[in-house]
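**Q** build me a structure from this.
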Amino acid sequence: MEIILAIVVASAVIFFGALISMGNERQRKAIDNLREQVVLWAVQDLRIKRERLARDIRVDDPLAWLNHIAEKACGYQINLKISQAFNEPPALLCISGKGTKITFTTVAPSEIKRLKNTKRSRLSQFEGENPLLTLPKNSEIYELSVLNSGILFDLELSLVWNAITKRGSEQIERLWMYKHD
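**A** Purely as a prediction, here's the structure:
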């Protein structure tokens with residue numbers, strides 16, 4: 001009799017455990033679905049806000065805009081001066097007020113590593129030395145995008161890059177900033 005009672009109690013515990021587990025799983029799925037719906041709503045809300053703001057985008061002073069974005073990334077005042085723009089790969093070499101070199105590029109760090117590893121032809125050795133090919137390993141790298149630089153960053157960046165480098169470009173979504181001596 002005691003064995004039957006023990007089996008019934010163990011079965012009941014296992015059964016209720018399974019019911020609770022199924023209920024928890026159903027609740028987890030509902031919470032995941034709710035989170036997904038909130039993310040979709042937030043993205044749509046940002047699209048609507050961007051669409052309204054995108055009509056009036058203009059950047060009056062590209063260097064001041066670039067300076068503001070760099071200061072936001074570094075956390076202190078930089079006071080950039082443009083030194084030189086390069087076309088291939090696209091780069092913008094700037095000097096800060098303290099003499100630190102800052103290089104901006106639209107090329108991802110992984111792509112720069114690949115460029116450094118490929119052998120350059122003899123003709124490319126006589127071109128102006130692109131700072132991306134000679135970046136020190138201890139450079140501080142900052143990735144600037146819509147996530148950390150403002151809701152209209154990508155739209156403003158295209159205007160600024162075109163104004164500073166004097167060359168048209170497609171929509172640019174990210175900018176990398178290398179701070180080095």
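**Q** would you mind writing the CA trace of the helix or strand in which residue 114 is found as CSV?
**A** Taking DSSP states H and E as the definition, residue 114 sits inside helix 109-117. This file holds the C-alpha atoms of helix 109-117, laid out as CSV (Å, rounded to 0.1, in the frame of the first residue of the first chain):
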residue,chain,number,x,y,z
PRO,A,109,38.7,47.5,-39.7
SER,A,110,38.5,44.0,-41.1
GLU,A,111,38.7,45.4,-44.6
ILE,A,112,41.7,47.5,-43.7
LYS,A,113,43.5,44.4,-42.4
ARG,A,114,42.8,42.7,-45.7
LEU,A,115,44.1,45.7,-47.6
LYS,A,116,47.3,45.8,-45.5
ASN,A,117,47.9,42.1,-46.2
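**Q** so for it, mean pLDDT?
**A** For helix 109-117, mean pLDDT is 77.
**Q** what's the domain layout of this structure?
**A** Using automatic domain parsing, the domain parsing of the chain gives 1-56, 62-180.
**Q** state the distance from the residue lying closest to residue 107 once chain neighbours are set aside to residue 108.
**A** Nearest residue to residue 107, sequence neighbours excluded (C-beta to C-beta, 6 or more residues apart in numbering): residue 89, at 4.8 Å. The C-beta positions use only the backbone N, C-alpha and C, and glycine is treated the same way. Using C-beta to C-beta, to the nearest Å, residue 89 is found at 10 Å from residue 108.
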